[in-house]
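In: sequence and predicted model, in that order:
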Amino acid sequence: MPQMLLSRKAACNTHGQDSSYFLGWQEYEKNPYDPRTNPTGIIQMGLAENQLSFDLIESWLERHPDAVGLRRDGALVFRELALFQDYHGLPAFKKALADFMGELRGNKVKFEPHKLVLSAGSTSANETLMFCLAEPGEAFLLPTPYYPGFDRDLKWRTGAEIVPIHCSSSNGFRVTKAALEKAYQGARKRNLRVKGVLVTNPSNPLGTTMTRYELDTLIDFVVAKDIHLISDEIYSGTSFDAPGFVSVMEAIEDRQHVSDRIHVVYSLSKDLGLPGFRVGAIYSNNEAVVAAATKMSSFGLVSSQTQYLLSVLLSDKEFTRNYIVENQKRIKERHDRLVQGLRRSGISCLQSNAGLFCWVDMRHLLNSNTFEGEMELWKKIVYQVGLNISPGSSCHSDEPGWFRVCFANMSAATLDLSMQRLQDFVASRGGPNDGASGPRRQKKKPSLGKWILTLSSSDRISDRGC
Ligand SMILES: Cc1ncc(COP(=O)(O)O)c(C=O)c1O
């Protein structure tokens, strides 16, 4: 279909679908690993899915046929749910979700149901907040590296801009006051009005939680600049090690005068492993934001039968208590397995304590310390090694050679196989420490496919919104 027949928005490439993040998925789809039918296929390590605790949810579902069968006290609630269309959501579900969010934060903060706006996942929640807080052409500052989907979720349909806050390995990719100020001034030089800062805490792709000091720095910054702060806390339940996760809502407990400008995004896609259910939320103390976002939520509601089922599940306190603890334990085991597997190949990761992935340092395996060198290595890892991992450039990393590697969407045996494949690959290049003193010397100019060059430019160049 010729692009001229489409609207500018539909034809515009700020969606980011041509990023290596999404293209890696396409390559996986063409040749997916299966232990029996396709043992040499590509192993999907580019998908932050949590499949580690499905058995806990499945056994709950088996023990609660009433909830699954849309019954309450034995009587069908089908008609009630079929007709329900109030965009404020089912009160029982909002209460259960608010309580669950508090529980994930050790009940140090209380979430009130009337400050929640339901959405079809965090994707929809983040976009809705952009529609509420920014005009087309206005900007949000985001620390790098960041979740590749944000180009689509924050910019594509809203016309808002993302300005990177450059973070580096020199301080473990922490957000500093100087980096915030630099990003802000950079935006001003581009004549962009800055409306806020958006962070993910715990971070995707770093797998780290923000310190209390970092949160205070962010809050001070948004107050000083009179802008908003959005904290995407979709991974809040995955934090498995000290220092624990601190929600921005906890950080503003004794600073109530700032609370109008702080907004939290949440979803059940990661903590409960339910991305297919499309359940997310915005939580805000700002009544105007809650009112506007609620009206906008008509475009991405959570179906009433999903709300009903999950209201029963999340109201079962014994289940949620056990689930949270057991899920974190399993994530930690899997994380440690990946870290040890990588270590056997002489590869290290940023030290992390949350998330469903590690931020892996392969700088010593690059032929050249450039993003072209990163894409060249990525292509080898996808095609020769058979692992789809996400190159740092797709997360707008400033330093070539970092990759996000997911560990919770496969069995332990598949993870072990992936580590064995990587070990063989590194050994075939002359040993793990071959490049320890810096990037490998480039022996001959690599012949990069045209698509690879296209990828690297689309990953790093941020188009103005259409
Ligand atoms: C930081 C972050 N925000 C939002 C999303 C989108 O999640 P959802 O499935 O709830 O739309 C993801 C998914 O990977 C994510 O990592």
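Out: Yes, it's here. Numbering: from 1, shown residues only.
In: alongside the ligand, which residues does the stretch 351-466 of the chain contribute?
Out: Contact residues of the stretch 351-466 of the chain with respect to the ligand, defined by Cβ under 6 Å from any ligand atom, are absent. (C-beta placed from N, C-alpha, C; glycine too.)
In: helices along the stretch 351-466 of the chain, start to end?
Out: Using DSSP state H, counting those that start in this stretch, the helices of the stretch 351-466 of the chain run over 371-380, 412-428, 450-460.
In: where are the low-confidence patches of the chain?
Out: Where the chain drops to pLDDT under 70, the residues are 1-3, 16-18, 431-466.
In: looking at the stretch 101-250 of the chain, what residue ends up closest to the ligand?
Out: residue 121 (2.7 Å; Cβ to the nearest ligand atom).
In: which parts of the stretch 1-150 of the chain are strands?
Out: 43-44, 71-72, 75-76, 116-119, 139-143 (DSSP state E, counting those that start in this stretch).
In: export the ones you listed to CSV and tack on mean neighbour count and distance to the ligand?
Out: Supplementary listing: the strands of the stretch 1-150 of the chain in CSV, determined by neighbours: other Cβ atoms under 10 Å; distance: least, Cβ to the nearest ligand atom, whole Å:
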stretch, mean neighbour count, distance to the ligand
strand 43-44, 21, 14
strand 71-72, 14, 27
strand 75-76, 10, 30
strand 116-119, 27, 8
strand 139-143, 26, 10
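In: before we move on, back to that, nearest to residue 94, of the helices of the stretch 351-466 of the chain?
Out: Closest of the helices of the stretch 351-466 of the chain to residue 94 is helix 412-428, at 36.8 Å (criterion: Cβ to Cβ).
In: which strands or helices does the closest one pack on?
Out: Applying 3 or more Cβ pairs under 8 Å, 6 or more residues apart in numbering; DSSP states H and E, we find helix 412-428 packed against strand 43-44, helix 317-344, strand 387-388.
In: so of these, which one's packed in deepest?
Out: Of these, the one with the most neighbours on average (mean count of other Cβ atoms under 10 Å) is strand 387-388, at a mean of 27.
In: paired strands for it, with orientation please.
Out: As defined by DSSP bridges, the strand partners of strand 387-388 come to strand 43-44 (parallel).
In: show me how far the partner strand is from its chain's centre.
Out: Averaged C-alpha coordinates place strand 43-44 at 18 Å from its chain's average position (Cα atoms, centre = their mean, to the nearest Å).
In: now what about that strand, what contacts it?
Out: Residues outside strand 43-44 that contact it (Cβ atoms under 8 Å, 6 or more residues apart in numbering): 25, 28, 32-33, 386-388, 406, 409-410, 414, 417-418, 421.
In: relative to residue 253, which of these is nearest.
Out: Nearest to residue 253, judged by Cβ to Cβ, of the contacts of strand 43-44 is residue 406 at 33.3 Å.
In: name the nearest residue to the closest one, sequence neighbours excluded.
Out: Of all residues beyond its chain neighbours, the one nearest residue 406 is residue 357 (4.4 Å), with distances taken as Cβ to Cβ, 6 or more residues apart in numbering.
In: name the SS class of the spatially most central residue of the chain, please.
Out: If you average the C-alpha coordinates of the chain and look for the closest C-alpha using Cα atoms, centre = their mean, you land on residue 204, 4.5 Å from that point. Following DSSP: H, G, I helix; E, B strand; the rest coil, residue 204 is assigned to coil.
In: touching, residue 91 and residue 116? I think so.
Out: No - applying Cβ atoms under 8 Å, one finds residue 91 not in contact with residue 116, separated by 10.7 Å.
In: mind listing what the closest residue to residue 164 other than its chain neighbours touches?
Out: Ranked by Cβ to Cβ, 6+ apart and with sequence neighbours excluded, the top spatial neighbour of residue 164 is residue 144, at 4.7 Å. Contacts for residue 144 were tallied using Cβ under 8 Å, 6+ apart; they are 164-167, 173, 395-398.
In: same check on residue 47?
Out: Under the criterion of Cβ under 8 Å, 6+ apart, the neighbours of residue 47 are 25, 406, 409.
In: distance of it from the ligand?
Out: The gap separating residue 47 from the ligand is 8 Å, by Cβ to the nearest ligand atom, to the nearest Å.
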